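> curious how this folds, go ahead:
(chains A, B, C, D, E and F)
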4 protein chains.
Amino acid sequence: MFLHINPSNGIAIYDQIVRQVKFAVARGAIRPGNRVPSVREMARELTLNPNTVARAYQKLQSDGVLEPVRGMGLEVTSDALTHCRAERQKLIRERIHDALIEAQQSGIEGDALRQLIDQQLASVTEDGR
Amino acid sequence: MFLHINPSNGIAIYDQIVRQVKFAVARGAIRPGNRVPSVREMARELTLNPNTVARAYQKLQSDGVLEPVRGMGLEVTSDALTHCRAERQKLIRERIHDALIEAQQSGIEGDALRQLIDQQLASVTEDGR
Amino acid sequence: MFLHINPSNGIAIYDQIVRQVKFAVARGAIRPGNRVPSVREMARELTLNPNTVARAYQKLQSDGVLEPVRGMGLEVTSDALTHCRAERQKLIRERIHDALIEAQQSGIEGDALRQLIDQQLASVTEDGR
Amino acid sequence: MFLHINPSNGIAIYDQIVRQVKFAVARGAIRPGNRVPSVREMARELTLNPNTVARAYQKLQSDGVLEPVRGMGLEVTSDALTHCRAERQKLIRERIHDALIEAQQSGIEGDALRQLIDQQLASVTEDGR
DNA sequence: GTGGTCTAGACCACC
DNA sequence: GTGGTCTAGACCACG
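Residues are numbered from 1 along each chain as shown, chains lettered A, B, ... in the order given. Have a look, this model is predicted:
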């Protein structure tokens, strides 16, 4: 699948899965009606504990992004697209907000901050990584 | 003192103290040779358990920012300023980098991302918070 | 495990654990990739409070000797062996140095000191303790 | 006076004073009947808190090394010499013993330990430091 | 007054 | 099950 898990970046693994699945839906990489890989398969692909994947899927269900289809596993709900678009906006905004809040209260001056952001923005958008 | 603790933002309280003390040194709000508030005083101010503050101070010692003055408390080391300046840059850069990485791989388009950043930047720098 | 804790010899308990784990790695009793007993298990064995053991393990992590395996406990890092060998040499040398410095400035004569050392060396290496 | 205080070597300052005064008596640098500097004077010389010196003197009194002389401060007792000779032997022996115990259980081999001791012994006895 | 250590017991996220 | 964090309260050595 299209998930990049980083086991040591502070964000819980299950939460990384949740966020990235939502993002995949938001950008159209997974569509309503599509099935997601089974817990076992996903766990094998990412070499994670199945419990971790199961937990992520559970959260995605309670968030209304996935729904069980009898005997067929989980598929993306019909209103997931709208939902995930909004969610994406919120998640990204929050994270940027928190980062900037800390930057600002750390005493970095406006120009330096601006410069730092441009730098990172460039480095991020250049390499596809 | 000038610390803003948020007990429920994902970052451990002791770590918030560590980061903010480093920032305070970096921006010159505390200077080498200055003493920091005692464990008990800080704990009272922030209504935290003294152990939590002690743990933060211990980390700051092992990071070379504070040093004990026997029986007199803890003071900022002479090379803390250089150290904290560099540390601040690193901490902030990392956090912004991680946020932008996620934003980019979430599929938000360049313009929308740019706009979102400007928005947050404005909202953060406006209010004196 | 093979730790001998002496709760009243001046060295903090958590530090005794730190030192002895490093020594165990240095002499090959624990190898890179091995897992150390869990916090709770070690605490039970030594009849200590789990927090005390946790503190020691935390120090060992920040010293680069142990690393967490998510949900699976702590294991010895790959470069711990080199590290601990050097560390052991340093810790032991320092302690002997300090003892001899004091002995020398206490006015004990060279021969008497030599004799005293031999005596202790014999008594220590004899009993399997 | 003839004391070398190291505020950061793990041994409490007051205890360093106690030990070194005993050593000075043992090697004849101070004799029974001699007066020791007043608390204030000693504190000034060593730039220590007078309380610290007072505490050391108190311990030395309860150990029978010093005794008050009406209005004249403290002087070395008549049986201090014998007492301190024995004490010195015990203190030094204990410290060496503890160091060797740790060295031995750290897994350093007999030859390496022997070598390390000789090394330190040489470095200590060479420079008068 | 200061920091350092330890115990006890709780809750959390994660596997 | 694992480690991580926090609270609460105690005792100690030191200045």
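
> tally of neighbours for the spatially closest residue to A:Leu48 that is not a sequence neighbour?
Nearest in space to A:Leu48, with sequence neighbours left out and distances taken as CB to CB, 6 or more residues apart in numbering or on different chains, is A:Ile13 at 6.4 Å. (Glycine included, C-beta is placed from N, CA and C.) Neighbour count of A:Ile13, defined by other CB atoms under 10 Å in any protein chain shown: 21.

> test my guess that A:Ile13 contacts A:Arg55.
No - contact status for A:Ile13 versus A:Arg55: not in contact, 9.1 Å apart, counting by CB atoms under 8 Å.

> show me what from chain A comes close to DNA strand E.
Applying CB under 7 Å from any atom of the strand, we find that chain A lies next to DNA strand E at A:7, A:11-15, A:48-49, A:51-52, A:55.

> return the distance of A:Ala43 relative to chain B.
Spatial separation of A:Ala43 from chain B under the definition CB to the nearest CB, to the nearest Å is 21 Å.

> surely that residue meets A:Val53?
Yes - proximity of A:Ala43 to A:Val53 meets the contact threshold set by CB under 8 Å, at 4.7 Å.

> quick one: the strands in chain A?
With DSSP state E as the definition, chain A shows strands at residue ranges A:66-69, A:73-76.

> as CSV, those strands with distance to C:Ile30, mean pLDDT and mean neighbour count would be great.
Listed next are these as CSV, based on distance: least, CB to CB, whole Å; pLDDT from 0 to 100; neighbours: other CB atoms under 10 Å in any protein chain shown:
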stretch, distance to C:Ile30, mean pLDDT, mean neighbour count
strand A:66-69, 44, 92, 15
strand A:73-76, 43, 91, 18
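
> out of those, nearest to A:Gly107?
For the strands of chain A, proximity to A:Gly107 was assessed by CB to CB; strand A:66-69 is nearest, at 43.7 Å.

> for that closest one, packing partners?
Using 3 or more CB pairs under 8 Å, 6 or more residues apart in numbering or on different chains; DSSP states H and E, the elements in contact with strand A:66-69 are helix A:50-62, strand A:73-76.

> now with 6 Å?
Judged by 3 or more CB pairs under 6 Å, 6 or more residues apart in numbering or on different chains; DSSP states H and E, the packing partners of strand A:66-69 are strand A:73-76.

> what pLDDT does the closest residue in space to A:His97 that isn't next to it in sequence get?
Taking CB to CB, 6+ apart, and ignoring the residues beside it in sequence, A:His97 has B:Gln120 as its nearest neighbour in space, at 5.0 Å. At B:Gln120, the model reports a pLDDT of 91.

> can you report how many residues lie near B:Gln120?
If we define neighbours as other CB under 10 Å, then B:Gln120 has 21 of them.

> what sits against it?
With contacts taken as CB atoms under 6 Å, 6 or more residues apart in numbering or on different chains, B:Gln120 has the following neighbours: A:96-97, A:100.

> try it again at 8 Å.
Residues touching B:Gln120, when contacts are defined by CB atoms under 8 Å, 6 or more residues apart in numbering or on different chains, comprise A:93, A:96-97, A:100.

> and what of A:Phe2?
A:Phe2 touches A:20, A:24, A:29, counting by CB under 8 Å, 6+ apart.

> same thing with A:Val36?
If you count contacts by CB under 8 Å, 6+ apart, A:Val36 has them with A:21, A:30, A:42, A:57, A:66, A:73-76.

> go on, A:Leu91?
When contacts are counted by CB under 8 Å, 6+ apart, A:Leu91 touches A:19, A:22, B:106.

> let me see the confidence value for it.
Among the per-residue scores, A:Leu91 shows a pLDDT of 91.

> any low-confidence regions in chain A?
For chain A, applying pLDDT under 70 flags the ranges A:1, A:127-129.

> looking at it, which residue is nearest DNA strand E?
With CB to the nearest atom of the strand, the shortest gap between chain A and DNA strand E falls at A:Ala12, namely 1.6 Å.

> can you pull out the helices in chain A?
Per DSSP state H, chain A has helices spanning A:13-26, A:39-46, A:50-62, A:80-105, A:110-126. These are given in chain order.

> end-to-end on stretch A:101-116?
Stretch A:101-116 has its terminal residues 14 Å apart, counting by CA to CA, to the nearest Å.

> list the buried ones in it?
Along stretch A:101-116, these residues count as buried under the neighbour rule (16 or more other CB atoms under 10 Å in any protein chain shown): A:101-108, A:113, A:116.

> name the nearest of those residues relative to B:Ser62.
The shortest distance between B:Ser62 and any of the buried residues of stretch A:101-116, using CB to CB, involves A:Ser106 and amounts to 20.9 Å.

> surely the closest one is in contact with B:Arg93?
No - at 11.0 Å, A:Ser106 and B:Arg93 do not qualify as touching, with contact defined as CB under 8 Å.

> chain neighbours aside, what residue packs nearest to A:Gln104?
Nearest to A:Gln104 is B:Val124, by CB to CB, 6+ apart, at 5.1 Å.
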